[in-house]
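Trainee: Model the structure of this input:
(one chain, ligands or ions: 1)
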Amino acid sequence: MNEKNREIIGINGLSKTFTTQKGDQFLAVDNISLRIFKNSFTCIVGPSGCGKSTVLRIAAGLEKASAGTVHYCCSPVTKPCGEIGLVFQEYSLFPWMTVLDNVAAGPEFAGINKKKRHHDAMDYLCMVNMEEFKNAYPHELSGGMRQRVAIARALANEPDVLLMDEPFGALDAHTRILLQQELLRVWQLTRKTIVLVTHSVDEAVFLADEILVMSSRPGRIRKIIRVDMERPRSRANPKFGTLTDDILRELGNGTVKRLV
Ligand SMILES: Nc1ncnc2c1ncn2[C@@H]1O[C@H](COP(=O)(O)OP(=O)(O)OP(=O)(O)O)[C@@H](O)[C@H]1O
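Mentor: Numbers count the residues shown, from 1 in each chain. Now for the predicted structure:
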């Protein structure tokens, strides 16, 4: 397959200007161009406020670019579409629905019959080890469990690309490591294309094929780093530590935490 065929998301000359409450304009994202390849796992790291979420929201069609374009499989992305799924930090489950109904909500909206959507939802719940909790409500679950359900829900819409904005940011360190391992397993099983924004350089080195390092405002791509380490990756591997330190040095100002 040539490079053009492997490309699933193409971002060209993307800039975003916001208007402050005082009415001043500021450039949040400046002329970003990048390519995301099919089945790859990409992480975006950068200082707080550098525009990581903005890039993700524009790629999802939730926000308009001020300049530049985003393409999914060579078609322009101008509004949300089923091929691109999203998982946010704040779980965003429907509190009045059971776990099973939450996961089946997208297919229900798409008109899939109840038997099939519940059957498929159970498959995705099994994938994230949450099948036992199918009848529970979100308030009965821990943060890690809710995020597992949120991942199952995004997968149930059968997107090609999963955009994840700090999905583990609200979790404790131990749960975070468990969910990183689970996400890798799900990715290897489903071969989705994943783009994940994180504050944690450690998380990016553990997960990614490629790490995009952004500079502080206005956000630009400062460096693209390929992570040539076999999976499963060990944090005890000296290469892991060296790469983490290199990226932290690249970021320079200490605003990106060395979290696990
Ligand atoms: N709707 C908006 N209106 C005005 N300013 C905005 C809007 N959305 C984002 N911004 C500003 O744009 C800049 C980039 O925000 P964004 O949330 O993309 O950064 P980020 O890198 O994801 O930050 P963090 O890591 O802290 O979540 C910030 O200065 C933010 O305040």
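
Trainee: pLDDT (mean, whole number) over stretch 62-78?
Mentor: Averaged over stretch 62-78, pLDDT sits at 95.

Trainee: With stretch 209-221 instead?
Mentor: Regarding stretch 209-221, the rounded mean pLDDT is 94.

Trainee: tell me how far it is from the chain's mean position?
Mentor: Taking C-alpha atoms, centre = their mean, to the nearest Å, one finds the center of stretch 209-221 at 15 Å from the center of the full chain.

Trainee: Contacts made by that stretch with the rest, please.
Mentor: 26-34, 40-47, 49-52, 54-55, 204-205, 222-227, 247, 250-251, 253, 255 (C-beta atoms under 8 Å, 6 or more residues apart in numbering). Heads up, the C-betas are built off the backbone N, CA and C, glycines and all.

Trainee: For ChimeraX, write a command that selects the buried ones of these.
Mentor: In ChimeraX, this line selects whichever of the contacts of stretch 209-221 come out buried by 16 or more other C-beta atoms under 10 Å:
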select :28,29,30,32,34,40,41,42,43,44,45,46,47,50,51,52,54,55,204,205,222,225,227,247,250,251
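
Trainee: quick one: the strands in the stretch 151-260 of the chain?
Mentor: 161-165, 193-197, 210-214, 221-226 (DSSP state E, counting those that start in this stretch).

Trainee: Neighbouring strands - and their directions - for the longest one?
Mentor: So the one you mean is strand 221-226. strand 210-214 (antiparallel) (DSSP bridges).

Trainee: Just the C-alpha atoms of the strand it pairs with, please, in CSV.
Mentor: Backbone C-alpha positions of strand 210-214 (Å, rounded to 0.1, in the frame of the first residue of the first chain) are rendered in CSV as follows:
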residue,chain,number,x,y,z
GLU,A,210,4.1,8.1,16.8
ILE,A,211,4.1,11.0,19.2
LEU,A,212,3.3,14.5,18.0
VAL,A,213,4.9,17.1,20.3
MET,A,214,3.3,20.5,20.2
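
Trainee: picking up where we left off before, I'd like the strands of the stretch 151-260 of the chain as JSON lines, with distance to the ligand appended.
Mentor: Formatted as JSON lines, these follow (distance: least, C-beta to the nearest ligand atom, whole Å):
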{"stretch": "strand 161-165", "distance to the ligand": "7"}
{"stretch": "strand 193-197", "distance to the ligand": "6"}
{"stretch": "strand 210-214", "distance to the ligand": "7"}
{"stretch": "strand 221-226", "distance to the ligand": "13"}
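
Trainee: Could you export those strands as a markdown table, including distance to residue 80?
Mentor: Formatted as a markdown table, those follow (distance: least, C-beta to C-beta, whole Å):
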| stretch | distance to residue 80 |
| --- | --- |
| strand 161-165 | 11 |
| strand 193-197 | 15 |
| strand 210-214 | 22 |
| strand 221-226 | 24 |
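
Trainee: Mind checking which of the contacts of stretch 209-221 land in helices?
Mentor: 52, 54-55, 204-205, 247, 250-251 (DSSP state H).

Trainee: just those that are near the ligand?
Mentor: 52, 54 (C-beta under 6 Å from any ligand atom).

Trainee: count of neighbours near residue 181?
Mentor: 13 (other C-beta atoms under 10 Å).

Trainee: what about it, distance to residue 191?
Mentor: From residue 181 over to residue 191 the distance is 17 Å, taken as C-beta to C-beta, to the nearest Å.
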